[in-house]
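In: Pasting a predicted model and its sequence here:
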Amino acid sequence: MRVAIVSDIHGNRHAFDAVLDAVAETDCQELWCLGDLVGYGADPDACVDLAREHAAICLAGNHDLGVTGTIPLSQFSRGAALAARWTQETITPRTREFLEGLEPFQVQEAVALYHASPRDPIWEYVLSPLQAELCFDVQARRVALIGHSHVALSFSRAPGETATGQTRAEEEELDLAEGNWLLNPGSVGQPRDGDPRASWLELDIDQWVAVYRRTMYDIAGAAAAIRAARLPDSLAERLQYGQ
């Protein structure tokens with residue numbers, strides 16, 4: 001089965017729409033979302049509606065949990081808390097109900113899915129081989145998917161060796177047939193790896209091959225929506241820089 005993996009949409013309908021159009025042109029049979037449908041962006045209802053329609057699996061991210069009140073907003077940065085509070089006041093009851101039904105991990109598939117990490121599905125940023133090493137020891141499957149950091153990257157551990165990892169660029173292909181793997185598709189709605197294009201991952205579970213994808217979207221439109229909602233201007237400004 002071929003699956004499109006997305007994460008960290010963050011209310012960016014412009015980016016999510018573009019990625020869904022790109023996915024529709026592939027052989028992917030399902031879409032899996034690793035969480036953070038809302039937060040930062042100005043179109044939370046639209047993004048949740050798209051996930052409800054297209055995602056076979058959807059996790060809860062920390063921003064989703066902040067909006068539903070599961071996590072206190074005092075645990076977020078000022079900008080993130082302001083965006084979460086605006087989202088709480090803006091979303092429809094239907095959107096809130098959908099978010100309240102999500103969990104931050106799912107381990108029933110051939111690969112394990114976590115919003116943040118196998119050790120802490122809500123908060124841990126896995127950005128170093130040492131962190132990956134500790135995650136490999138506890139993850140529920142040989143291959144696991146993580147989001148949260150907004151950076152397209154992968155970590156691997158061959159039998160008898162220590163973990164290694166690196167960031168991943170567009171069209172990089174990985175052979176996952178052996179060893180342990182942690183794959184992060186990057187962020188659809190707010191990439192932070194210097195490339196402003198929406199980032200996602202194409203995963204073939206039968207052949208154990210992964211390919212990293214980037215999709216251009218209407219960044220100016222997404223930024224204008226953030227400013228129109230009177231959210232912090234920094235949330236709009238950062239989109240064009242991929243930071």
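Out: Perfect, I can see it now. Fair warning: this is a prediction, and the values are worked out from it, not measured in the lab. Numbering: from 1, shown residues only.
In: What is the burial count for Gly61?
Out: Per other CB atoms under 10 Å, the neighbour tally for Gly61 reads 29. Glycine gets a C-beta too; all of them are placed from N, C-alpha and C.
In: ok, now Asp204?
Out: Asp204 has 15 neighbouring residues, counting by other CB under 10 Å.
In: which residues does it bridge with?
Out: Judged by DSSP bridges, the bridge partners of Asp204 are Arg2, Val209.
In: Contact partners for it?
Out: Asp204 makes contact with Met1, Arg2, Val3, Ala210 under the criterion CB atoms under 8 Å, 6 or more residues apart in numbering.
In: Could you identify the helix or strand that succeeds the helix or strand hosting Leu99?
Out: Assigned by DSSP states H and E, Leu99 belongs to helix 93-100. For helix 93-100, the succeeding helix or strand toward the C-terminus, using DSSP H and E, is strand 105-106.
In: partners of the helix or strand following that following strand in the sheet?
Out: The first helix or strand that comes after strand 105-106 along the chain, using DSSP H and E, is strand 112-114. If you go by DSSP bridges, strand 112-114 pairs up with strand 105-106 (antiparallel), strand 143-145 (parallel).
In: most packed of those?
Out: Ranked by mean neighbour count, those are led by strand 143-145 with a mean of 25 (mean count of other CB atoms under 10 Å).
In: Give the rounded mean pLDDT of that one.
Out: Averaging pLDDT along strand 143-145 yields 98.
In: Which elements pack onto the helix or strand that that strand is followed by?
Out: Proceeding N to C from strand 143-145, the next assigned helix or strand is strand 152-157, under DSSP H and E. When contacts are defined as 3 or more CB pairs under 8 Å, 6 or more residues apart in numbering; DSSP states H and E, strand 152-157 packs onto helix 129-136, strand 164-167, strand 180-185.
In: got the angle for strand 152-157 vs strand 180-185?
Out: Relative orientation of strand 152-157 and strand 180-185, computed by axes from the mean of the first three to the mean of the last three CA atoms, to 10 degrees: 180 degrees.
In: residues in contact with strand 152-157?
Out: 126-127, 129, 132-133, 135-136, 163-169, 174, 179-186, 191, 193, 199, 201, 210, 212.
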